[in-house]
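[1] fold the following, please.
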Amino acid sequence: MEKRIQDNNAPNNYYFLIDESFQLNKQENEELFQLLNNRQVTIILIKKTKFKRSNFKIIPFYKNIETYPEYLSFDKLHLSDEGANELVKFIIDQLKKNI
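    Here you go, the predicted model:
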């Protein structure tokens, strides 16, 4: 992604799905934010977390999980089959809204 941005061969819109496995240290966070500074970024959150950047649109799917706990598997960490299906529908709906 960094090379494509540097070569001016990258899209202006980026979509990220952030879940429990998303682990960046402070420096990596800042590098990512700087890299995407002039891009439109949509972040779909599976877990409640804080992202505050003016060019970042936050979509809190975790609120759906809070409403429908069956979207999580028995370990309360991973999505169940039903949750994964709902997430796909949710992402498709969000992409349609942004087209």
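[2] what helices or strands is the biggest helix by length in the chain leaning on?
    As assigned by DSSP state H, the longest helix anywhere in the chain is helix 81-97. On a contact count with 3 or more C-beta pairs under 8 Å, 6 or more residues apart in numbering; DSSP states H and E, helix 81-97 meets strand 13-18, strand 40-45, helix 62-67. Where you see a C-beta, it was placed from the backbone N, CA and C, and this is true even at glycine.
[3] contact partners for the nearest residue to residue 90 once chain neighbours are set aside?
    Of all residues not flanking residue 90 in the chain, residue 61 sits nearest, at 5.7 Å (C-beta to C-beta, 6 or more residues apart in numbering). If you count contacts by C-beta atoms under 8 Å, 6 or more residues apart in numbering, residue 61 has them with 44-46, 87, 90.
[4] give me the buried entries from those.
    Buried members of the contacts of residue 61, scored by 16 or more other C-beta atoms under 10 Å, are 44-46, 87.
[5] residue 19: which of the residues you listed is nearest?
    residue 46 (3.9 Å; C-beta to C-beta).
[6] give me phi/psi at that closest one?
    Main-chain torsions, residue 46, degrees, to the nearest 10: phi -90, psi -30.
[7] quick check, pLDDT for it.
    pLDDT recorded at residue 46 is 78.
[8] pull the most distant pair out of the buried ones among the contacts of residue 61.
    Greatest spacing in the buried ones among the contacts of residue 61, by C-beta to C-beta: 45 and 87 (11.1 Å).
[9] identify the residues contacting the closest residue to residue 17 other than its chain neighbours.
    What sits nearest to residue 17 in space, not counting adjacent residues and going by C-beta to C-beta, 6+ apart, is residue 44, at 5.0 Å. By C-beta under 8 Å, 6+ apart, the contact list for residue 44 reads 15-18, 59, 61, 87, 90-91, 94.
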